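J.: Attaching a predicted model along with its sequence, questions to come.
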Amino acid sequence: MHTHFNNPRAGARFALLRHPTGRRQDAGWRGDREDCMTLDMPRPVSVDLTERVACDRLRAIRAVILLAGSLRPRRLTRLTHRAIPELPVDDRRCILKIWQDQLANLLAARAGVGEHDEAAIDTRVLVNAGAPCPGTDVLAPAPRFDVERDPGEFRGTGGLLRDVAEAYDDDDHLLVATASRVAFDPLAALVARLLDHDADVRVLAHPDGSPMEVYVVRCAALRQIPRLGYVDFKEQALPRIVERHRVAVIRRPRALTPPVRTLGGYIKALRMVHCRRLAMAGRTPAPWARAFAITEPGATVDRGAMLHDSVVLAGGRVGAGATVVRSLVGPGAVVGAGESVVDRVVGHAEPNPGQSRRVPKGGPRAVPEDAA
């Protein structure tokens, strides 16, 4: 049952959906050097954030906003019956659980040694009316995640952030990111580096300058966005904001894992994460070698089957002698004995609204990557 979220910082526009339960586990990470397009390049921030910048700069962050909306449910979601942040990254954790682990590290760095600062920051996962809602049953009780659905019209990222800013003061800062991104890099270090730059909007960017969809935004800048209508943040809001506020684009030499939108993006993100973990342990897999094989509890994979950079969700089955390559087997789907599946989502298909072609009922269906 949905209940209205009555946190005074959240306002009345959103509805709170779920509260988390479960265990917490920490993610490993490795830092990098940063580069800035518009300002002088800072010295790299030390890993020991609690001794240097964490207690002061990180306290400017009053809320973490994870965007989990979409214009329409993605095919990958429909075939797996999961919101994308619920998809696994390893045998124990999903994308959203890794975000929670990163937030725990950010809060520890923000509070400083011997302090506790969780109540001073909101963590909000925002979902628009047309998108599936990620579950939080696999999360730890703390840090608390509030999953909220926007019951109003689809406002775009810029319009949504304008609405969120209504609950905060002008000098409060929001950390904004995409919930479907696998947050392998250290969040506290990334945010501290962004806050090194004196600007109202800090945009983390790829080496070519294109945004990575990670922002630190001062709420006063968001008030330049119209109160009504659809507003895209990158294409419409930023040009309006830059007329009155300082915007810094901070280039990062190494790309973050991409947001997961398709099967290909999901497999690419998982391979990036697992290859970096192997590299930290002194093992660098060749481009053709297997980097991961994920089997959720409740999935059935025969010992004679071969999984290469693939995922089998709970309820999925892979028979003896089957080969699954760069693919995802959804709940209730079956890869039969001796079958080969390459670059596919295997799941129970559902017809798109308005689609005239009949879809066979029952059994599993393999869907090409570009349709997922």
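T.: Structure's in. What do you need?
J.: just for the stretch 101-250 of the chain, where's the confidence low?
T.: Within the stretch 101-250 of the chain, the stretches with pLDDT under 70 are 112-120, 151-153.
J.: same thing but 80
T.: Along the stretch 101-250 of the chain, segments meeting pLDDT under 80 span 110-120, 128-132, 136-138, 140-142, 150-154, 209-210.
J.: all helices of it, in order?
T.: For the stretch 101-250 of the chain, the helices defined by DSSP state H, counting those that start in this stretch occupy 156-165, 187-195, 219-222, 238-241.
J.: just so I know, which of those helices lies nearest residue 147?
T.: For the helices of the stretch 101-250 of the chain, proximity to residue 147 was assessed by CB to CB; helix 156-165 is nearest, at 14.2 Å. Any C-beta I mention is one placed from the backbone N, CA and C, and that applies to glycine too.
J.: pull the CA atoms of the closest one into PDB?
T.: C-alpha atoms of helix 156-165 as PDB (Å, rounded to 0.1, in the frame of the first residue of the first chain):
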ATOM      1  CA  GLY A 156      11.600  15.700 -17.400                       C
ATOM      2  CA  THR A 157      14.800  15.600 -15.300                       C
ATOM      3  CA  GLY A 158      15.000  19.400 -15.100                       C
ATOM      4  CA  GLY A 159      11.400  19.900 -14.100                       C
ATOM      5  CA  LEU A 160      11.600  17.100 -11.500                       C
ATOM      6  CA  LEU A 161      14.600  18.600  -9.900                       C
ATOM      7  CA  ARG A 162      12.900  22.000  -9.800                       C
ATOM      8  CA  ASP A 163      10.000  20.400  -7.900                       C
ATOM      9  CA  VAL A 164      12.400  18.700  -5.500                       C
ATOM     10  CA  ALA A 165      14.300  21.900  -4.800                       C
END
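J.: thinking again about what came up before, I'd like the helices of the stretch 101-250 of the chain laid out as JSON lines, including distance to residue 67.
T.: Shown next, in JSON lines, are the helices of the stretch 101-250 of the chain (distance: least, CB to CB, whole Å):
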{"stretch": "helix 156-165", "distance to residue 67": "6"}
{"stretch": "helix 187-195", "distance to residue 67": "15"}
{"stretch": "helix 219-222", "distance to residue 67": "14"}
{"stretch": "helix 238-241", "distance to residue 67": "16"}
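J.: Residue 307 is nearest to which of the ones you listed?
T.: With CB to CB as the measure, helix 187-195 is the member of the helices of the stretch 101-250 of the chain nearest residue 307 (30.0 Å).
J.: Could you export that closest one as CSV, CA atoms only?
T.: Only the C-alpha atoms of helix 187-195 are listed here, as CSV (Å, rounded to 0.1, in the frame of the first residue of the first chain):
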residue,chain,number,x,y,z
LEU,A,187,30.9,8.3,-4.2
ALA,A,188,32.5,10.3,-1.4
ALA,A,189,35.7,10.9,-3.4
LEU,A,190,33.7,11.9,-6.5
VAL,A,191,31.6,14.3,-4.6
ALA,A,192,34.5,15.9,-2.8
ARG,A,193,36.3,16.5,-6.1
LEU,A,194,33.2,18.1,-7.6
LEU,A,195,32.9,20.3,-4.5
